[in-house]
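In: sequence and predicted structure are below.
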Amino acid sequence: MRTTAKINQRIAVTVMWLLATLTLGALLFIVLFILLRGLPHVTWGFLTDSPRSMGREGGILPIIVGTLWITLLAVMIAGPVGVATAIYLTEYTRESRVTAVIRFGADCLAGIPSIIFGLFGFVFFVVTCGMGFSILAGALTLALMVLPTIIRTSEVAIRAVPRSYREVSYGLGSTRWQMVTQVVLRSALPGIVTGIVLSVGRSISETAAVMLTSGAALNLPRSVNDSSRTLALHFYTLSREGISMTNAYATASTLIIAILVINVSAYWLMRRFVAKVV
Amino acid sequence: MFRDWSGSKAGAINVIGSTSVMPFAEMLAQEFNGRAPAYEAHVQGGGSTVGVQATLDGIADVGMCSRSLKSDEAQTLNPIAIAYDGLAIVVHPTNPVDNLTRTQVRQMFAGEITNWKEVGGPDMPIRLIVREESSGTREAFMTLIMGKSRVSRKAINQDSNGAIKEIVKDDPNAIGFMSLGLVTGELKSLKIDGVVPSHDNVMNKTYPLVRPFLFITKGPPTDHAKPFIEYVLSPHAQEVLEKEGLVRVR
Amino acid sequence: MSVAAQTTASLDGRLAGSDLASRSRFDFERLIGAVLMLLAFSALTGLTVITAFIFKEGLPIIAKIGFGRFIFSSEWYPLEKPPAFGIFPMIVGSLAVTLGAMVIGVVFGLGCAILLTQFCSPRVVSIIKPAIELLAGIPSVVYGFIGVAILVPAIRDHLGGPGLSVLACSIVLGIMCLPTVTSISVDALQSVPRTYAEGSIALGATEWQTTYMVMLRAARPGIVAAVILGMGRAVGETMAVIMVAGNTLDIPRSILDPVRTLTSNIALEMGYAHGDHRKALFATGVVLFVIIMVLNSIALAVSRRRAGRKVLAK
């Protein structure tokens, strides 16, 4: 018997499926729009050639190199420091007002617009510290930007490890550090890795904060003091100025593929780890 | 502090500033880098005032500017003219309006004239596209056209010549201004007071909207920056600029 | 500390004294503890420095201009003499696009979340959820570009106005915050005890009735937190907004009007601002900081109110 309730349900579910389809449709559209126009041009030549005429011709090798340097450096700084901070806050200190304030502060900083980090990085690293537009300034700025996220996600992951694990470990005679590395980190690793992967994704897509810290030079960077452009910024410049739409799409495709690869491999890595623990 | 660390910094010349000068500087930098392998010119945009500020802050070895220096800037900075460029008032190719007086342009951008029919066009609202405040192109526009009038608050701000071009070429009701040397066939440049915006008219000064392209340095050019500046002022480079639509200075 | 841990800790001390190998292990432990503390303090110092710097640069200029004039004046003419620094149009702009973004983000995001948790088989969930998370990974400049290439001309040709508008920003930002709203709402809905749903069904309600009468109400704090965090993301977005907003100085009067937000104001001007102008940009940063702090406090307060344990643990 068709009651109003059942009809309402039908309508509601249909509407929600519609919303979901539109959402996924938008995603598919965006990804395909870029990839269909860009992938055909992402040739080995494109990836290894240098840009000419402001990017109208040539490839994106210096930009790939620059992006890699900035992102890797940022994560190499923020990763260990962030995880260490999370470990210290959860395992080596007692829960108190101070830690609650720190947690709130980290949450806020994780939500601060990236442009503010860019502004700080520009005034502090680029000008005051005299680094000029450089990979170093960009990496430091990005590191500060993702640090709160890494601290928070690591902390959440560590806290999720059941207390009993720790107690068993102590019961077996382990020291605190042994307990942390052998027990807590092992279980919390998926969560920690998620946080770091998220940060890598955020860094590699970042434009506002790198625009005025690592600059926009197209030359192959030879040291961390050189200015360099990132893929996202290059795409922004090429498409905005109409310099070369083909190269713009190709750059964006490279970026999207890179992000896909990072996310998928992180997901796959995590599944392997999760299978090991438990 | 960090500048002396690596060898690469020794040869790197940071050229930062005007997005109008940038494509030309980039072109010349490419040639220069090929000819003088010991040096490497890195060219970036941001706007004329960004160039001024970066030079003052010591981030740039050479700043690029598409307007004359202001009095307070001229006190510490040294301007070197490398070319002259016209300022084009551009509209969509299908716009029937061909010619405007300087007064009309000013009134339109001040928001006093708001409909195309008031200047001989269709009955459509005028869409103003301007550059951001740091732009030398905008500053030149303010000096040459606006004078004491303020730009209408409704004007849409974009951050580069290219962005203005992209918008105006798609919007039949838009009007903007940009570097004459960068105008392509997708746009129509208006005659101002009856004068066609052409290279010759810029050279013989009949076209009223002309501004200098400057390389600026903090004090006299460093040994660092000199090779590139000298190259840009060389006859060969000046010819390249001339060919690309600018007016040579040497 | 639990009894087991206390015992072990004291055991540790005793063992350390009794055996040479254990003593070096004990020293190692202290070294590690010190290293961790050092790293933690550097991290926290770094983050505090940023906060302090922004406030140190921004607050004095707000005092100098006058709080009322800074927040409520519509005159932003930083390069005139004397300069005017009023950010009201930008505040309205940020609020307008954020609200618009949340309408889209909540409708679509919550809809997807409800669908995923209440009406989908695990297989379907395992396809849709990663897909939505992928949306979160797409760079903002790509969103902005699609906005300029497709959305802006469409709005201009079919709805009027320049196309660069509050509407364009809202749609682009809405799609960008969608994944945040969805994933946190999914978490919130999944932490509602199953007994709630089972009890409702047992009383004869349909799944949909269960959803809106029981599940949504129970998960409300988590969902509100999701919306608030999504808002935070929308408020903070810069590049996509610069591309589709139009960046005018006027207060938008309809969703088809162009707009400037607080973040794009900073991005457009920070390269060349110096002196008071630069400080005014930091002051804008202070305003953004405060907005985020307020949003986060609300999210925190709301998620605390919930009786369930799982959300508290987060």
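Out: That came through fine. As the structure is a computational prediction, the values presented were derived from the model and not from experiment.
In: when you work out contacts or count neighbours from here on, use the C-alpha atoms and nothing else.
Out: Will do.
In: now residue B:212: which helix or strand?
Out: Here residue B:212 sits within strand B:210-218, counting by DSSP states H and E.
In: and that strand, what's buried?
Out: Counting neighbours by 16 or more other C-alpha atoms under 10 Å in any protein chain shown, one finds that the buried residues in strand B:210-218 are B:210, B:211, B:212, B:213, B:214, B:215, B:216, B:217, B:218.
In: residues touching the residue nearest to the first one when sequence neighbours are not counted, list them.
Out: When you say that, I think you mean residue B:210. When the adjacent residues along the chain are set aside, residue B:210 lies closest to residue B:86, with 4.4 Å between them (C-alpha to C-alpha, 6 or more residues apart in numbering or on different chains). Neighbour list for residue B:86: B:179, B:180, B:181, B:197, B:199, B:202, B:207, B:209, B:210, B:211, B:246 [criterion: C-alpha atoms under 8 Å, 6 or more residues apart in numbering or on different chains].
In: was I right to think the fourth one contacts residue B:189?
Out: Yes: between residue B:197 and residue B:189 there is a contact at 7.0 Å, judged by C-alpha atoms under 8 Å.
In: between these two, which contacts overlap?
Out: residue B:88.
In: who's more crowded, those two?
Out: Taking neighbours as other C-alpha atoms under 10 Å in any protein chain shown, residue B:197 and residue B:189 compare with residue B:189 leading, 26 against 22.
In: surely the more buried one meets residue B:95?
Out: No: with contact defined as C-alpha under 8 Å, residue B:189 and residue B:95 do not form a contacting pair (10.5 Å).
In: find the residues that touch each one of the two.
Out: By C-alpha under 8 Å, 6+ apart, no residue touches both residue B:189 and residue B:95.
In: what about residue A:203, how many residues nearby?
Out: Neighbours of residue A:203 under the rule other C-alpha under 10 Å: 27.
In: Provide a list of residues in contact with it.
Out: Here residue A:203 is in contact with A:71, A:74, A:142, A:146 (criterion: C-alpha under 8 Å, 6+ apart).
In: let's have the residues you listed in JSON lines, adding secondary structure, distance to residue C:220 and pLDDT.
Out: Shown next, in JSON lines, are the contacts of residue A:203 (DSSP: H, G, I helix; E, B strand; the rest coil; distance: C-alpha to C-alpha, whole Å; pLDDT from 0 to 100):
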{"residue": "A:71", "secondary structure": "helix", "distance to residue C:220": "37", "pLDDT": "94"}
{"residue": "A:74", "secondary structure": "helix", "distance to residue C:220": "37", "pLDDT": "95"}
{"residue": "A:142", "secondary structure": "helix", "distance to residue C:220": "34", "pLDDT": "95"}
{"residue": "A:146", "secondary structure": "helix", "distance to residue C:220": "29", "pLDDT": "93"}
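In: and for the residue in the stretch 151-278 of chain A that chain B sits nearest to, the neighbour number?
Out: Nearest residue of the stretch 151-278 of chain A to chain B, counting by C-alpha to the nearest C-alpha: residue A:241, 3.7 Å away. Residue A:241 is flanked by 18 other residues according to other C-alpha under 10 Å.
In: where does it fall, phi/psi-wise?
Out: When read as degrees, to the nearest 10, the backbone of residue A:241 gives phi -90, psi 0.
In: what's the answer for residue B:127, then?
Out: Torsion angles, degrees, to the nearest 10, at residue B:127: phi -110, psi 120.
In: chain center to stretch C:159-177: distance?
Out: How far stretch C:159-177 lies from its chain's middle: 19 Å, per C-alpha atoms, centre = their mean, to the nearest Å.
In: repeat for stretch A:41-50
Out: The chain centroid and the centroid of stretch A:41-50 are separated by 25 Å under C-alpha atoms, centre = their mean.
In: quick one: buried residues of it?
Out: Neighbour-count burial for stretch A:41-50 flags A:41, A:42, A:46, A:47, A:50 (criterion: 16+ other C-alpha under 10 Å).
In: what segments of chain B are strands?
Out: Remark: strands assigned in chain B by DSSP state E are B:12-17, B:40-44, B:62-65, B:77-91, B:99-100, B:127-131, B:156-158, B:174-179, B:188-189, B:191-192, B:210-218, B:247-248.
In: convert the third one to PDB, retaining C-alpha atoms only.
Out: Right, the one you point to is strand B:62-65. Coordinates of each C-alpha in strand B:62-65 appear next as PDB, following Å, rounded to 0.1, in the frame of the first residue of the first chain:
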ATOM      1  CA  VAL B  62      66.100  45.500 -12.100                       C
ATOM      2  CA  GLY B  63      62.500  46.700 -11.800                       C
ATOM      3  CA  MET B  64      60.200  47.000 -14.800                       C
ATOM      4  CA  CYS B  65      57.900  50.000 -14.900                       C
END
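In: list the contacts of that strand.
Out: The contact list for strand B:62-65 (C-alpha under 8 Å, 6+ apart) reads B:13-18, B:21-22, B:47-49, B:51-52, B:54-55, B:136, B:213-217, B:225.
In: what about 7 Å?
Out: Outside strand B:62-65, the residues within contact range by C-alpha atoms under 7 Å, 6 or more residues apart in numbering or on different chains are B:14-18, B:21, B:48, B:51-52, B:55, B:136, B:213-217, B:225.
In: whichever residue of the stretch 51-200 of chain C sits closest to chain A - how many residues pack around it?
Out: Closest approach between the stretch 51-200 of chain C and chain A, counting by C-alpha to the nearest C-alpha: residue C:139, at 4.8 Å. Neighbourhood size, residue C:139 [other C-alpha under 10 Å]: 24.
In: tell me the contacts of it?
Out: Going by C-alpha under 7 Å, 6+ apart, residue C:139 touches residue A:205.
In: tell me the phi and psi of residue C:174?
Out: Per-residue torsions, residue C:174: phi -60, psi -50 (degrees, to the nearest 10).
In: distance check, the nearest residue to it once chain neighbours are set aside against residue C:299.
Out: Computed as C-alpha to C-alpha, 6+ apart, the closest residue to residue C:174 that is not its neighbour in sequence is residue C:101, at 4.0 Å. Distance from residue C:101 to residue C:299, counting by C-alpha to C-alpha, to the nearest Å: 18 Å.
In: more neighbours, the two?
Out: Neighbour count, other C-alpha under 10 Å: between residue C:101 and residue C:299, residue C:101 has more, with 29 against 20.
In: low-confidence ranges in the stretch 151-278 of chain A?
Out: Along the stretch 151-278 of chain A, the parts satisfying pLDDT under 70 run over A:273-278.
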